[in-house]
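Peer 1: build me a model:
(chains A and B)
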Amino acid sequence: MIKAQQKPIAEIKALIAPYHRILILGCGTCVTISFAGGEKEVGLLASSLRIASAMEGQDKIFAEATVQRQCEWEFIDAVAEQIQQADAVLSLACGIGVQALAERYPDKVVLPGVNTTFLGMAVEHGVLVERCRACGDCILGLTGGVCPIARCAKNLLNGPCGGSQNGKCEVNPELDCAWQLIYDRLARLGQLDRLAALMPYKDWSKDYDGGPRKIVREDLRL
Amino acid sequence: MSNLSDRSTLPAEPLPPCQVACPAHTDVRGYIHAIARGDFEEAYRIAREPNPLPYICGKVCAHPCETECRRGDVDEPVAICALKRFATEQHDLSKGHAPGLTVAEPKEEKVAIVGSGPGGLTAAHDLARMGYKVTVFEAYPKVGGMMQYGIPLYRLPRETIDLETAPLKELGVEFVTNQRVTDVDALLADGYKAVFLAVGSHVGRKLRIPNADLPDVWLNTEFLRRVALGEKIDLRGRHVLVLGGGNVAIDVARTALRLGAAEVSMTCLESCTTQPAHPWEIKEAVEEGVQMFHDRTFKEIVAENGKVKGVRCVKVNFRGFLPSGAPDMDEFPETEHVLPADLVIFAIGQGPDLSFLPQDGSIAQTPRRTIQVNPVTLATTKPGVFAGGDAVTGVGFIIDAIAAGHRAARSIDAYLRGLDPASVQPPEPQKLNDLQQKTISHIRHLKREEMPMLDVDQRKFTFDEVYLGYTEAQAIRAAQRCLTCGAGARVEETKCIACLTCVRVCPYEVPLLARGTANVPVDQCQACGICATECPAKAISMKLYSDEDMIKQIRDAVRRAKYNGEPAIVGFACRYCAYAGEDANVVKASLPANVQTIDVLCTGKVDALYLLKAFEFGADGVFVAGCLEGECHNDKGNVHAAKRVAYVKGLLDELALGNARLEMFHMSPDQCANMAEVVSRLITKVKELGPSPVRRS
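Peer 2: Numbers count the residues shown, from 1 in each chain, chains lettered A, B, ... in the order given. Predicted coordinates for the structure are as follows:
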């Protein structure tokens, strides 16, 4: 799932500074699960910003709402009235939600309250880690189910590099070396021979290098 | 219409076992929780709602609720009866005996109630509130039935009965005492449109054994009644033997002791483990010196020259009574012996006096010589005549008779309005399932509070009340043992996104995923509130409190804390520990007026939002007072609270408000008296930071 992290309050304060009536709009899916932008976080941020506003002698008005998914027109239209009443919408959704709002309400100022950070999962309660880079050309079938694109700091296809030390990454010693994980996993599966083959260079045009990507399912189009 | 009728629609959700076990389906959980959070008037209101005799029940109810209490699966049941007594003792009677209950417009119809025991009084209470003109006929000089003429004074002071009956008179119920009803048809002819027979079970029984009719062979009911009527019975120097092992037999034995008997013993068919009296009654009797002889059948009252010398007994292995009523047992050969006594009192059972029923059999009796009724409506075989309580069921508990009184009142009201009485009776409630072992293993053990009692040497010579009642601190500790069964977390399925937070944070391993959303099984949830507080989707709410209530309390607390220019401090204090061993009001009174506390049952319920809200509303400082680590009632509620405090401290720094304005205190019970001292250190820090720059509303 998409993981995000709330922006520092100082940054948010600066973003909303010009506006008086602000709708803090949460999203009920990915950012809720990553504890960044669900209904609970909307409440905490609204209270924090009210405190900030009062400390500065301002009388900003903060409204709160959370929709099921900000990346769908139908869900954001459910709060159309609150959006219209606001001078600016502070979205706690990922970048997709922010842009969906901006596209749907072209005359409305839409501001991001979170930094969309990565695609990942919770390995324990409160610890979120990156697992996928959405490169558009999955090679997990070749690497024992461990992604070297998302989890190797150098995105190496034929690792490990010389910086792999005792299973840790030289870029960040807290990180496991992805290629050590790949080796361990293939050893466990009895597929170490895979490592003897050189992995050809990857078609990065399927990643961001080909420009924004698009999937069209003609069979589904109405 | 009276809100008594609301009870006819019990909620469909399963109820706690205590509430189901109570024949009147009292919301036990509701009043225990109110006591635990210090709201004693609310506790009384809840306890009073289904029970017109809460003062009496608080003292002598047989409390079948405690037998079913699920805390008993963890350690010992919650002391429910003692807590009801506490709620009544705290109630300010100037607010009325039945706060919140209404009285309907007067109706024309007259209803006669025969007997003023708990069943009759309850029916009178309900019918009077429905607007009927109610007359209660009582054969004896005082009202109360077996409560007046059966229960000994040391268990139930008669002022308590007076206190419960006075409000009935204010409701317009007419009491005609010293009037034994001998003709039910005459009542109907006299304009009473319906009659409720609640004559109780006042006739003791003797075994037909030789010499059972000697003057020194007495009957339980007569003996207790003579004492209650004020007759001076002098048993000094007497050796009393009570035949029977039930609760009435115990009452007889303990009463005989108090009348000066030199020795009192009891003998019964049952063994020490199967004796029918409540274990605590047996224990108290033995403490007072009553001797018990179990496993015996009685063959003959041994007498010389008309003077009782004892009872000839044989040892048996009693297995119970056969359907015919005969005992199922074998006598052991060569075990015949005489238990010495010069006064024998039979206490082997009692039945109703039904000699007043019409001779034509129009009010039918059962083969057990009780009044025959439709069990749903309590209608007898004569139209307009209903019956309930001991006269129908045989000897039961007060609370059974109260339930019958309610049932009869509903039936009579329906009958008089031309409705089918069966259609107005509520369905039997559904009960929560048992606690699973996994949940039990996580529940903290808490010792049951002992009821303070008169010393045994002091009590056995007087009719002074034995039980003394809980202090406030004891009552709160006792109430905090309640598992608030079934009042826990509710998941709003449309908001739940199955993020698994509840599954991961629950200290009791209760939530699970089912059909794509979280599910918190109502029978297992311990209502710690941690999942509701941590849920990022705000999909979980708690039955007994809400964010809205808490935020309102916070706003009020901040307002009250703004006092005399001192820093306004708001604290969230865990009721389980922050006042443990102390009276919460004493601790609170030790705090200055600018410190206002909000009580919570475990700091696990203190949401980060509540802390921010206090600052948003203008508090200069905020604290959370929870238990020591490792001593949380809910395992880790205080750990979660401490983490939230740390998180909000970070936000306060980001806001340039200063994290020193917020503190978490971990209090051990022996520190709680020092709360004022701990808080004063926070006040000093807050003063250094100056008043909150949040503009105060």
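
Peer 1: do the lengthiest helix in chain A and chain B meet?
Peer 2: When chain A is scanned for its longest helix (criterion: DSSP state H), the result is helix A:39-55. Yes: for helix A:39-55 and chain B, the contact criterion (C-beta under 8 Å from any C-beta of the partner chain) is met by A:E39, A:K40, A:E41, A:G43, A:L44, A:S47, A:S48, A:R50, A:I51, A:A52, A:A54, A:M55. Where you see a C-beta, it was placed from the backbone N, CA and C, and this is true even at glycine.

Peer 1: quick one, what contacts the fourth one?
Peer 2: Spelled out, it's A:G43. If a contact means C-beta atoms under 8 Å, 6 or more residues apart in numbering or on different chains, then A:G43 has A:E64, B:K538, B:L609 as its contacts.

Peer 1: switch the cut-off to 6 Å
Peer 2: A:G43 makes contact with B:L609 under the criterion C-beta atoms under 6 Å, 6 or more residues apart in numbering or on different chains.

Peer 1: picking that back up, any idea of the mean pLDDT in the longest helix of chain A?
Peer 2: In this model, helix A:39-55 carries a mean pLDDT of 97.

Peer 1: would you put the C-alpha positions of that helix in PDB?
Peer 2: Backbone C-alpha positions of helix A:39-55 (Å, rounded to 0.1, in the frame of the first residue of the first chain) are rendered in PDB as follows:
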ATOM      1  CA  GLU A  39      -9.900  10.500  10.500                       C
ATOM      2  CA  LYS A  40      -7.900  10.200  13.700                       C
ATOM      3  CA  GLU A  41      -5.000  12.200  12.200                       C
ATOM      4  CA  VAL A  42      -7.300  14.800  10.700                       C
ATOM      5  CA  GLY A  43      -8.600  15.400  14.300                       C
ATOM      6  CA  LEU A  44      -5.100  15.600  15.800                       C
ATOM      7  CA  LEU A  45      -3.900  18.000  13.000                       C
ATOM      8  CA  ALA A  46      -7.000  20.100  13.200                       C
ATOM      9  CA  SER A  47      -6.500  20.500  17.000                       C
ATOM     10  CA  SER A  48      -2.800  21.300  16.500                       C
ATOM     11  CA  LEU A  49      -3.500  23.900  13.900                       C
ATOM     12  CA  ARG A  50      -6.200  25.500  16.000                       C
ATOM     13  CA  ILE A  51      -3.700  25.800  18.800                       C
ATOM     14  CA  ALA A  52      -1.200  27.300  16.300                       C
ATOM     15  CA  SER A  53      -3.800  29.700  15.000                       C
ATOM     16  CA  ALA A  54      -4.800  30.800  18.500                       C
ATOM     17  CA  MET A  55      -1.200  31.200  19.500                       C
END
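
Peer 1: what is the helix or strand just after that helix packed up against?
Peer 2: Reading on from helix A:39-55 to the C-terminus, the next helix or strand found by DSSP states H and E is strand A:61-67. Using 3 or more C-beta pairs under 6 Å, 6 or more residues apart in numbering or on different chains; DSSP states H and E, the elements in contact with strand A:61-67 are strand A:21-27, helix A:39-55.

Peer 1: pull the number of nearby residues for residue 31.
Peer 2: No chain in the question, so chain A it is. Around A:V31 there are 30 other residues, counting by other C-beta atoms under 10 Å in any protein chain shown.

Peer 1: that answer is for a different chain, and I need it for chain B
Peer 2: Neighbourhood size, B:Y31 [other C-beta under 10 Å]: 28.

Peer 1: B:V264 bridge partners, please.
Peer 2: B:V240 (DSSP bridges).

Peer 1: what's near enough to touch it?
Peer 2: When contacts are counted by C-beta under 6 Å, 6+ apart, B:V264 touches B:V240, B:A253, B:A256, B:L257, B:V290.

Peer 1: any idea which of those residues has the most stuff around it?
Peer 2: Among these, B:A253 has more neighbours than the rest - 29 neighbours, counting by other C-beta under 10 Å.

Peer 1: what's in contact with the helix or strand hosting that residue?
Peer 2: Under DSSP H and E, the secondary-structure element containing B:A253 is helix B:247-258. Contacts to helix B:247-258, defined as C-beta under 6 Å, 6+ apart, come from residues B:152, B:220, B:227, B:235, B:240, B:242, B:264, B:266, B:277, B:281, B:285, B:288, B:290, B:345, B:347, B:460, B:463.

Peer 1: right, and the second one touches B:I348 too?
Peer 2: If I follow you right, that is B:N220. No: here B:N220 lies out of contact with B:I348, judged by C-beta atoms under 6 Å, at a distance of 8.0 Å.

Peer 1: ok, A:L157 - how many residues close by?
Peer 2: Counted by other C-beta under 10 Å, the residues lying close to A:L157 total 17.

Peer 1: which bits of chain A sit near chain B?
Peer 2: By C-beta under 6 Å from any C-beta of the partner chain, the part of chain A that sits against chain B consists of A:9, A:32-33, A:35, A:38-40, A:43-44, A:47-48, A:50-52, A:54-55, A:125.

Peer 1: go ahead and list the helix or strand containing the most centrally placed residue in chain B.
Peer 2: Closest to where the C-alpha atoms of chain B average out (C-alpha atoms, centre = their mean) is B:C81, at 3.9 Å. When elements are assigned from DSSP H and E, B:C81 belongs to helix B:80-90.

Peer 1: one step back: which of B:N220 and B:I348 has more neighbours?
Peer 2: Under the criterion of other C-beta under 10 Å, the comparison of B:N220 against B:I348 puts B:N220 first, with 26 against 20.

Peer 1: enumerate every residue touching B:L432.
Peer 2: Residues counted as contacts of B:L432 (C-beta under 6 Å, 6+ apart) are B:P14, B:P16, B:C485, B:G486, B:D523.

Peer 1: take these and lay them out in a markdown table including secondary structure, distance to A:S91 and pLDDT.
Peer 2: What follows is these, written out as a markdown table (DSSP: H, G, I helix; E, B strand; the rest coil; distance: C-beta to C-beta, whole Å; pLDDT from 0 to 100):
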| residue | secondary structure | distance to A:S91 | pLDDT |
| --- | --- | --- | --- |
| B:P14 | coil | 42 | 90 |
| B:P16 | coil | 44 | 95 |
| B:C485 | coil | 42 | 92 |
| B:G486 | coil | 40 | 90 |
| B:D523 | coil | 41 | 92 |
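
Peer 1: looking at the stretch 1-150 of chain B, which residue is nearest chain A?
Peer 2: Using C-beta to the nearest C-beta, the point where the stretch 1-150 of chain B gets nearest to chain A is B:R37, with a distance of 24.1 Å.

Peer 1: what's around that residue, how many residues?
Peer 2: Neighbour count for B:R37, taken as other C-beta under 10 Å: 20.

Peer 1: one more: B:S668?
Peer 2: B:S668 sits with 13 neighbouring residues when counted by other C-beta under 10 Å.

Peer 1: what's the closest non-adjacent residue to it?
Peer 2: Closest residue to B:S668 in three dimensions, ignoring its sequence neighbours and counting by C-beta to C-beta, 6 or more residues apart in numbering or on different chains: B:L628, at 5.0 Å.

Peer 1: likewise A:G144?
Peer 2: A:R185 (3.5 Å).

Peer 1: next, count neighbours for that neighbour.
Peer 2: The number of residues packed near A:R185 is 14, by other C-beta under 10 Å.

Peer 1: buried residues in the longest strand along chain A?
Peer 2: For chain A, the strand reaching the highest residue count under DSSP state E is reported as strand A:114-124. The neighbour-count criterion (16 or more other C-beta atoms under 10 Å in any protein chain shown) identifies A:V114, A:T116, A:F118, A:G120, A:A122 as the buried residues of strand A:114-124.

Peer 1: which of these lies closest to chain B?
Peer 2: Comparing the buried residues of strand A:114-124 against chain B with C-beta to the nearest C-beta places A:A122 closest, at 8.0 Å.

Peer 1: noted, bye for now.
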